[in-house]
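give the three-dimensional model of this entry:
(one chain, ligands or ions: 1)
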Amino acid sequence: VRYKLTIRPLEWVNGRVKWLDVTRLPFEEVYKESSSYEDVARAIERMEIRGAPAIGVAAALAIAAAVYNAAADSVDKLRELARRAAERLRRTRPTAVNLFWAINRMLRVVDSATSDPEEFRRRVVDEALSIMREDIEANMRMGELGSKLIDDGDVILTHCNTGALATAGFGTALGVIRAAWYEGKKIRVIATETRPVLQGARLTVWELAKEGIPVTLITDNMVGHVMSGGIVSKVFVGADRILGTGHVINKIGTYMIAIAAQRHRVPFYVVAPTSTIDLETPVDSVVIEERSPEEVRTVMGRPITLPDVDVMNPAFDITPPELVTAIVTEKGVIYPPYRENIAKVVKG
Ligand code: MRU
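Below is the predicted model:
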């Protein structure tokens with residue numbers, strides 16, 4: 001079975017970064033283009049570009065665009081510029097580790113010895129393009145491995161958007177669902193709307209509808225009820241950071257779904273490339289992004305409460321390892337005990 005790339009949210013076009021502004025979906029398909037790392041940084045902050053792998057790839061492309069377009073004729077000046085771009089891009093979002101992984105990978109090339117500006121530019125651009133290409137390859141490999149966990153007739157619940165729109169193309173958890181569909185499995189998807197930014201309702205529904213994959217939309221607070229009715233065969237979600245202990249940091253609401261899944265004996269699978277795995281950080285040190293209270297006080301810009309009500313808006317939560325059935329990576333499917341098996345897969 002050949003997998004296809006039907007949606008490209010990020011591209012490198014003549015030395016510029018091109019992205020699909022996903023804040024406008026599903027109503028308008030608007031593409032933007034820039035060679036400025038500041039523009040890309042703002043696009044990540046505004047969530048025009050979002051999803052853990054996608055923000056990593058976008059940051060790498062932004063560093064490459066800065067270097068590619070700079071008039072500077074010395075490697076020292078180009079290096080300085082690349083480091084400035086990296087520092088700015090690091091400050092966009094704190095939780096998804098793919099961002100830091102991609103930036104650090106770019107900085108290793110930036111630091112590598114060469115005194116020829118053209119050679120330097122070529123190395124930096126090549127590295128960014130490799131990061132983008134490898135992300136798509138990892139997604140397709142996870143699709144192959146993960147679709148083995150899906151049976152004909154399964155009803156799969158997913159959260160947020162983990163599709164082509166959250167990556168360089170194809171997707172993580174939604175990539176697995178897409179792969180199973182391409183392989184001819186008759187599956188159905190239940191997508192949670194994913195308040196406050198509605199990535200499920202706006203993006204996952206759009207992606208699945210585009211491919212003709214049957215999808216049913218529910219609000220986030222319906223998950224327990226829907227599972228207790230026995231209609232969910234499996235849960236597949238993505239991750240923004242997976243710790244060496246097996247803790248899964250993902251879109252707010254994931255933890256609640258994992259608890260409901262355990263209560264109803266529904267397998268709970270996490271799909272993420274190894275660039276999402278963080279063997280260094282202990283669970284207490286993970287920074288959970290707190291976003292603007294306006295996202296909670298409004299729905300798509302329209303007020304739904306008193307303008308000054310106190311709100312909480314953590315963008316992610318932490319699912320403990322005991323609620324996770326398995327983790328699908330491009331290097332293999334990882335089962336408990338995670339403390340041993342995650343490190344083995346990452347290092348091996
Ligand atoms: O805040 P977002 O939209 O960037 O959060 C995205 C998610 O939580 C996804 O589930 C996660 O990035 C993994 S998907 C590739």
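
what about stretch 32-39, start to end distance?
One end of stretch 32-39 to the other measures 10 Å (CA to CA, to the nearest Å).

can you pull the buried residues of that stretch?
32, 34-35, 37, 39 (16 or more other CB atoms under 10 Å). All C-beta atoms are positioned from the backbone trio N, CA, C, and that covers glycine.

those residues: which two are farthest apart?
Lys32 and Tyr37 (14.0 Å; CB to CB).

can you get me a residue count around Ala82?
Ala82 has 23 neighbours, counted by other CB atoms under 10 Å.

excluding residues flanking it in the chain, which one is nearest it?
Val110 (4.5 Å; CB to CB, 6 or more residues apart in numbering).

from the ligand, how far out is the one you found?
Note on Val110: its distance to the ligand, by CB to the nearest ligand atom, to the nearest Å, is 26 Å.

need the pLDDT of that residue.
In this prediction, Val110 carries a pLDDT score of 98.

how many neighbours does it have?
Val110: 23 surrounding residues under other CB under 10 Å.

what sits against it?
Residues near Val110 by CB atoms under 8 Å, 6 or more residues apart in numbering: 63, 79, 82-83, 86, 124.

right, is stretch 138-156 up against the ligand?
No: figure legend: stretch 138-156 not in contact with the ligand (CB under 6 Å from any ligand atom); closest approach 8.6 Å.

pLDDT averaged over that stretch - what is it?
Computed over stretch 138-156, the average pLDDT equals 98.

which positions within it qualify as buried?
Those would be 138-147, 149-150, 154-156, for stretch 138-156 by 16+ other CB under 10 Å.

state the distance from the closest residue to the ligand within the stretch 151-300 of the chain to Ala164.
Nearest residue of the stretch 151-300 of the chain to the ligand (CB to the nearest ligand atom) works out as Gly238 at 2.7 Å. Going from Gly238 to Ala164 by CB to CB, to the nearest Å gives 12 Å.

which element is encountered next along the chain beyond whichever helix or strand the residue nearest to Ala82 is part of?
In the assignment (DSSP states H and E), Val110 maps to helix 97-111. As assigned by DSSP H and E, the chain's next helix or strand after helix 97-111 is helix 117-147.

and that following helix with helix 97-111, angle?
Counting by axes from the mean of the first three to the mean of the last three CA atoms, to 10 degrees, helix 117-147 lies at 150 degrees to helix 97-111.

so what secondary structure elements neighbour helix 117-147?
Judged by 3 or more CB pairs under 8 Å, 6 or more residues apart in numbering; DSSP states H and E, helix 117-147 is in contact with strand 10-13, helix 52-69, helix 75-90, helix 97-111, helix 173-182, strand 268-271, strand 326-329, strand 332-334.

cutoff 7 Å now
The elements that helix 117-147 packs onto, with contact taken as 3 or more CB pairs under 7 Å, 6 or more residues apart in numbering; DSSP states H and E, are helix 52-69, helix 75-90, helix 97-111, helix 173-182, strand 326-329.

which of the ones you listed sits closest to Ala315?
helix 52-69 (11.6 Å).

does the closest one come close to the ligand?
Yes: counting by CB under 6 Å from any ligand atom, the ligand has neighbours in helix 52-69: 52-53.

interface residues of the chain facing the ligand?
Within the chain, the residues that sit near the ligand (CB under 6 Å from any ligand atom) are 50-53, 96, 160, 162, 166-167, 172, 199, 238-240, 250-251, 315.

sitting in helices, which of the residues you listed do you find?
52-53, 199 (DSSP state H).

burial count for Pro94?
Around Pro94 there are 17 residues (other CB under 10 Å).

spit out the contact partners of it.
Pro94 makes contact with 287, 289, according to CB atoms under 7 Å, 6 or more residues apart in numbering.

can you tell me the SS state at it?
Here Pro94 takes the coil state, with states given by DSSP: H, G, I helix; E, B strand; the rest coil.

that one and the ligand: what is the separation?
Pro94 is 11 Å from the ligand, where distance means CB to the nearest ligand atom.

and that residue, how close does it get to Lys32?
24 Å.

columns distance to Glu290 on top of the helices and strands packed on helix 117-147, output as a markdown table?
What follows is the helices and strands packed on helix 117-147, written out as a markdown table (distance: least, CB to CB, whole Å):
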| stretch | distance to Glu290 |
| --- | --- |
| helix 52-69 | 17 |
| helix 75-90 | 17 |
| helix 97-111 | 17 |
| helix 173-182 | 24 |
| strand 326-329 | 26 |
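
tell me which of the ones you listed sits nearest to Arg133.
Nearest of the helices and strands packed on helix 117-147 (CB to CB): helix 52-69, 9.6 Å.

mind exporting the closest one as PDB, just the C-alpha atoms?
This file holds the C-alpha atoms of helix 52-69, laid out as PDB (Å, rounded to 0.1, in the frame of the first residue of the first chain):
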ATOM      1  CA  ALA A  52       4.800  19.500  18.100                       C
ATOM      2  CA  PRO A  53       6.600  18.200  15.000                       C
ATOM      3  CA  ALA A  54       5.300  21.100  12.900                       C
ATOM      4  CA  ILE A  55       6.700  23.900  15.100                       C
ATOM      5  CA  GLY A  56      10.100  22.100  15.200                       C
ATOM      6  CA  VAL A  57      10.200  21.900  11.400                       C
ATOM      7  CA  ALA A  58       9.100  25.500  11.000                       C
ATOM      8  CA  ALA A  59      11.800  26.700  13.400                       C
ATOM      9  CA  ALA A  60      14.500  24.800  11.400                       C
ATOM     10  CA  LEU A  61      13.200  26.300   8.100                       C
ATOM     11  CA  ALA A  62      13.100  29.800   9.700                       C
ATOM     12  CA  ILE A  63      16.800  29.500  10.700                       C
ATOM     13  CA  ALA A  64      17.700  28.300   7.200                       C
ATOM     14  CA  ALA A  65      15.700  31.100   5.600                       C
ATOM     15  CA  ALA A  66      17.500  33.700   7.700                       C
ATOM     16  CA  VAL A  67      20.900  32.400   6.700                       C
ATOM     17  CA  TYR A  68      20.000  31.800   3.100                       C
ATOM     18  CA  ASN A  69      18.800  35.300   2.500                       C
END
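
good, wrapping up.
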